[in-house]
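K.L.:
Got a predicted structure here, sequence first:
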Protein chains: 2
Amino acid sequence: MNRPKILILGAGYGGLTTAVNLQKKIGSNVADITIVNKNSYHYESTWLHEASAGTLSPEKVRYDIQSVLNNKVNFVQAAVESIDATNKKVITDAGEMSYDYLVVGLGFEGETFGIEGLDKFAFGISDVNEARKLRDHINSQFAEWASQAPAEKDDTLLTIVVGGAGFTGIEFLGELANRIPELCKEYDAPQEKVRVVCVEAAPTVLPMFSRELVEYAVGYLTKKGIEFSIGTPVVQATPEGVKIKKGEEEFEFIKAGTVVWAAGVRGSRIVEESDIPSKRARVAVDKDLRVPGFPEVFIVGDCAFLMNEEAGRPYPTTAQIAMQQAITVAENLIALIEGKDTKEFVPALKGTVCSLGDSDAIGEVFGKEITGKSASFMKKVIDNRALYMVGGAGLVLKKGKFNVL
Amino acid sequence: MNRPKILILGAGYGGLTTAVNLQKKIGSNVADITIVNKNSYHYESTWLHEASAGTLSPEKVRYDIQSVLNNKVNFVQAAVESIDATNKKVITDAGEMSYDYLVVGLGFEGETFGIEGLDKFAFGISDVNEARKLRDHINSQFAEWASQAPAEKDDTLLTIVVGGAGFTGIEFLGELANRIPELCKEYDAPQEKVRVVCVEAAPTVLPMFSRELVEYAVGYLTKKGIEFSIGTPVVQATPEGVKIKKGEEEFEFIKAGTVVWAAGVRGSRIVEESDIPSKRARVAVDKDLRVPGFPEVFIVGDCAFLMNEEAGRPYPTTAQIAMQQAITVAENLIALIEGKDTKEFVPALKGTVCSLGDSDAIGEVFGKEITGKSASFMKKVIDNRALYMVGGAGLVLKKGKFNVL
């Protein structure tokens, strides 16, 4: 009768994988399990660059949360507003919820670092809503250009500035490189009128990869017509474009119909504003993924901060690690309910692949560097694996990527 | 050596059908035939309501002009700027062209009757450029709405006002009725938040059809959620919507994310500004479709004004009549070159079908009134027939409509 209440916040990679592993491994009637999520769907946040560029339908990057849950887990569609860990309560827009165990998987948010105008005039790639908006905006810019009289055409409508040469920025550029020729055909625009500029404040592109891989990626994208402006911070965005800093006192304004900001992510503001101690919205968790001082609270995914002691730096906030953490969290929840010891989270870093559109990629997999078609193939294996871990073969068949080679 | 020069302006239904019939019926080396068109493609202007609503790809409504021409006809991509019929010259943005025989098939333009703001804030459905712009704009309005926070959603983004309950207006509403549920699904919008309002100044809908057919059409669209405001002229358009006149001193402002103007067409301004006498950009032609006073100039399609003496009113400007005129024009051109008499244009009015989306329609065919699936089937037969008349079976296979019943 007095079953412990497990509350999972967020149905991203971390939260949903926790729920699915719990329902797989926990006995019937052992716990009341509820997962709360703002949308009725889970989306593959690592595929949003494709939906944003228009190379993949937004429908393909998401699926109904209910479709992967069985009757051991309740789903409540509600937006989490605040967490009161001291009193074991969560406030949502659908009311207050209490818990015995809490799993926080509230994901990431875009971070504009206070740069003027970015919040108003730049598009993000953080969720399905933003992806659709960005895709439709780019289409509209092409349509507007096409309908202008020949003598009055404003070619800067066809300029896209992408702020950020990290993972998301580069993957988005890779999709754009493939999408631009299609857009040109669909909207009768000559490709030489289109300009795609990547602006990065840091002196390097994709800092997580070796120089060879970075050179491969930049070479590939440059050949496709992408321009790079590296070591040049964006200092302002306006409705007309962005101002970038090229030197001590030297600035350049790039007029652009579309400005995309893909240069920063942070943890959830709800975590930051809660009574759980955090730094830049990330919580330094114990090795079993619980919060020091709140032994009934687990954090998974983007809001968890965990040191890789061997490497001397924190583990990256990837889908791979979030899903691995979720498996540990599910096991540790069951252990706690059964009065057993929790176990340490031990990540198994299989590698990272950064796509360059649909048919090329760079990556490091099991310690080996790969590029080209084999890297692109691996990327699709990874993407399909994420589906498989949550929804099994059925979900892979429905949403998987099979256009391999 | 001194072959007569035939110049055809415009590759719409009238101009392109003239060219295709000429190349079929004229001997080799009898004349130099040139067709001039602004775009490299012909588009089915009677299908634009589908491309505009997003129910048919813009690629499906157009095809390359070159693809239906053989080596008897030259194609020049250029925008016609003016016609100097007195001196048998045409000025284009690619230079001046002279002719011995001229065929003017410059089509229609939207007409806003000087209503304030319509030219700036309303979308038209007059060509492929406008269709793409309108489709993308509607998508963007849904995307914007979806990305707004629940408490801040502006539902009027999802309101579409369609000015005009004539043929184009009603056919566009029919497509919207089918497209809205898809848009709601794609953008996670509840359908009850969407509002589509048809505003018409005249007291009637579709004046060319019987009361029974009109009632069928309005009933069908009303059941699909379309609102009608009839006998209420639009008096102003603003970036926020339209002001309509509901009574002597009574006005209503409808806030709307999208305003479409489908209430008026006129002939080409180039014809109006030429030395060929015209009235509202239409030229009263002789029975053989030549211009009185300019016996070497033929007019086909929307710019031709021809009385139906039996009915006591001019023939409507339809694709059907434009293509029938073109056949007569081609034959008369050959007759003139051969020193023979021209013949009168005798239209064969087969009927008119107005689609209500993809699976319903109303129409009068061979004097019989039809509705429902059979009318919808007839509409597709008519659409495919237009392709067949220009490009034969091959073009029907490529661009035809086969989703019949």
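P.N.:
Right, received. Where do you want to start?
K.L.:
quick one: the residue nearest to the spatial centre of chain A and chain B, what's the gap?
P.N.:
To find the centre residue of chain A, average its C-alpha atoms and take the closest one (C-alpha atoms, centre = their mean): that gives A:S45, at 3.9 Å. Taking C-beta to the nearest C-beta, to the nearest Å as the measure, A:S45 and chain B are separated by 15 Å. Any C-beta I mention is one placed from the backbone N, CA and C, and that applies to glycine too.
K.L.:
Could you find the closest non-adjacent residue to that residue?
P.N.:
With C-beta to C-beta, 6 or more residues apart in numbering or on different chains as the measure, A:G12 is the residue that lies nearest to A:S45, at 6.5 Å, once sequence neighbours are left out.
K.L.:
can you tell me the helix or strand for A:C354?
P.N.:
For A:C354, the element it lies in under DSSP states H and E is strand A:351-355.
K.L.:
Which elements pack onto that strand?
P.N.:
The elements that strand A:351-355 packs onto, with contact taken as 3 or more C-beta pairs under 8 Å, 6 or more residues apart in numbering or on different chains; DSSP states H and E, are helix A:167-186, strand A:361-365, helix A:372-399.
K.L.:
mind listing what's buried in it?
P.N.:
For strand A:351-355, the neighbour count (16 or more other C-beta atoms under 10 Å in any protein chain shown) marks A:T352, A:V353, A:C354, A:S355 as buried.
K.L.:
ok, the third one touching A:V214?
P.N.:
No - A:C354 lies out of contact with A:V214 (C-beta atoms under 8 Å); the separation is 9.8 Å.
K.L.:
Now for the two: what residues contact both?
P.N.:
Contact with both A:C354 and A:V214 is made by residues A:L206, A:I362, according to C-beta atoms under 8 Å, 6 or more residues apart in numbering or on different chains.
K.L.:
what about the residue of chain A most remote from its centre, which SS state?
P.N.:
Of all residues in chain A, the one whose C-alpha sits farthest from the chain's mean C-alpha position, using C-alpha atoms, centre = their mean, is A:A151 at 41.7 Å. The three-state label given to A:A151 by DSSP: H, G, I helix; E, B strand; the rest coil is helix.
K.L.:
still on that earlier bit, could you tell me the model confidence score at the residue nearest to the centre of chain A?
P.N.:
A:S45 carries a pLDDT value of 95.
K.L.:
Just confirm A:S98 contacts A:K88, I think it does.
P.N.:
Yes - contact criterion C-beta under 8 Å: A:S98 and A:K88 qualify, at 5.8 Å.
K.L.:
Touching, A:F167 and A:M208? I think so.
P.N.:
Yes - counting by C-beta under 8 Å, A:F167 does reach A:M208; the two are 7.5 Å apart.
K.L.:
who's more crowded, these two?
P.N.:
A:F167 (21 against 13; other C-beta atoms under 10 Å in any protein chain shown).
K.L.:
show me what contacts the more buried one?
P.N.:
The neighbourhood of A:F167, defined by C-beta under 8 Å, 6+ apart, consists of A:L206, A:M208, A:C354.
K.L.:
now do A:F305
P.N.:
With contacts defined as C-beta under 8 Å, 6+ apart, the neighbours of A:F305 are A:S278, A:K279, A:R282, A:V283, A:A284, A:V285, A:P314.
K.L.:
just these now: which is nearest B:V61?
P.N.:
A:R282 (51.5 Å; C-beta to C-beta).
K.L.:
which parts of chain A sit against chain B?
P.N.:
Within reach of chain B by C-beta under 8 Å from any C-beta of the partner chain, chain A has these residues: A:39, A:58-59, A:79, A:93, A:129-130, A:132-133, A:135-137, A:139-140, A:143-144, A:146-147, A:150, A:186-188.
K.L.:
show me what contacts A:G391?
P.N.:
Under the contact definition (C-beta under 8 Å, 6+ apart), the residues listed for A:G391 are A:V20, A:Y63, A:S67, A:V68, A:K398.
K.L.:
ok, which stretches of the stretch 1-150 of chain A are strands?
P.N.:
Defined through DSSP state E, counting those that start in this stretch, the strands belonging to the stretch 1-150 of chain A, from first to last, are A:5-9, A:32-37, A:41-43, A:62-64, A:73-77, A:80-84, A:89-92, A:95-98, A:101-104, A:108-110.
K.L.:
for the stretch 151-300 of chain A, same thing?
P.N.:
For the stretch 151-300 of chain A, the strands defined by DSSP E, counting those that start in this stretch cover A:159-163, A:195-200, A:226-230, A:234-238, A:241-245, A:251-255, A:258-261, A:265-267, A:283-284, A:290-291, A:294-299.
K.L.:
which residues sit against the second one?
P.N.:
With C-beta under 8 Å, 6+ apart as the contact definition, strand A:195-200 has outside contacts at A:155-156, A:158-165, A:169-170, A:173, A:176-177, A:180, A:221, A:225-234, A:242, A:244, A:254, A:256, A:263.
K.L.:
now that strand against strand A:226-230, angle please.
P.N.:
Orientation of strand A:195-200 against strand A:226-230 (axes from the mean of the first three to the mean of the last three C-alpha atoms, to 10 degrees) gives an angle of 30 degrees.
K.L.:
likewise the first one?
P.N.:
Using the same axes, to 10 degrees, the inter-axis angle of strand A:159-163 relative to strand A:226-230 is 40 degrees.
K.L.:
Alpha carbons of strand A:159-163, as PDB, please.
P.N.:
Output in PDB follows, covering the C-alpha atoms of strand A:159-163 (Å, rounded to 0.1, in the frame of the first residue of the first chain):
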ATOM      1  CA  THR A 159      23.100  34.900 -46.100                       C
ATOM      2  CA  ILE A 160      23.000  32.600 -43.100                       C
ATOM      3  CA  VAL A 161      25.400  33.400 -40.200                       C
ATOM      4  CA  VAL A 162      26.000  30.500 -37.800                       C
ATOM      5  CA  GLY A 163      27.500  31.500 -34.500                       C
END
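K.L.:
who does that strand touch, helix- and strand-wise?
P.N.:
Helices and strands touching strand A:159-163, by 3+ C-beta pairs under 8 Å, 6+ apart, are helix A:167-186, strand A:195-200, strand A:241-245, strand A:251-255, strand A:258-261.
K.L.:
That's all I had, so thanks and see you.
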